[in-house]
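Engineer: sequence below, structure please.
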Amino acid sequence: MIYLQLFWAFFISNILGYGGGPPSIPLIQNEVVDHYHWMSIKEFGEVLAVGNALPSPIATKLAGYIGYQVAGVPGATVALLATVAPTAIAMILLLQFINLFRNAPQVKAMTQSVRPVVTVLLGTMTYQFLLGAVEGIGWIQTGILTVASYLLLETWKVHPAFVMVAAMVYGYIFIG
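Structural biologist: Alright, predicted model coming up:
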């Protein structure tokens, strides 16, 4: 039963997450944290942070890690299969129609209409992570990390992976 739940959680998240990894993250969070309770919002945020520091698509990293945590290697395999299955199925079934409808105004309108929804989902997830951070380490530490990260990323154009490593080191030294 757990394998079916894993498959369904990641399949639905990725089939509804039109547009790639970022739109599917809140959907995966909903399934993993709210629906199946496999991890807390804090744990999900930590997994997401580490996953973002590594190369490759975020959805597959989340699926592999969460699947492994829930049901070992078979769970990771099932979750990864469920993550890539929607794209593979769509590519096989719709490959012949891609050139026909690529420039259709309806397809362009659909893509444009999905963007605000994704923005709201990502904003909601960010707000939940902010509340979790404040609850876990307080406003001062959260503010220091937020301002420092912003300056490093936007002002000095430091690579995000280095910013994440620096935040982890800061957390290890000053937060415990």
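Engineer: remind me, longest helix of this structure?
Structural biologist: The longest helix of the chain (DSSP state H) is helix 105-150.
Engineer: after that one, next one along is what?
Structural biologist: Moving toward the C-terminus from helix 105-150, the next helix or strand (DSSP states H and E) is helix 160-170.
Engineer: coming back round to it: relative to helix 160-170, how tilted is the longest helix of the chain?
Structural biologist: Relative orientation of helix 105-150 versus helix 160-170 (axes from the mean of the first three to the mean of the last three Cα atoms, to 10 degrees): 40 degrees.
Engineer: now for helix 105-150, which elements pack on it?
Structural biologist: Packing partners of helix 105-150 (3 or more Cβ pairs under 8 Å, 6 or more residues apart in numbering; DSSP states H and E): helix 21-29, helix 41-53, helix 160-170. C-betas here are computed from N, CA, C, even on glycine.
Engineer: how distant is it from the center of its chain?
Structural biologist: Taking the mean of its C-alpha atoms, helix 105-150 sits 11 Å from the chain's own mean (Cα atoms, centre = their mean, to the nearest Å).
Engineer: I'd like the numbering to begin with 56 instead of 1 from here.
Structural biologist: With 56 as the first residue, the last one maps to helix 160-205.
Engineer: residues near residue 142, how many?
Structural biologist: When neighbours are counted by other Cβ atoms under 10 Å, residue 142 registers 14.
Engineer: the closest residue to it other than its chain neighbours: which element?
Structural biologist: Closest residue to residue 142 apart from its sequence neighbours, by Cβ to Cβ, 6 or more residues apart in numbering: residue 69 at 7.4 Å. Counting by DSSP H and E, the element that carries residue 69 is helix 57-71.
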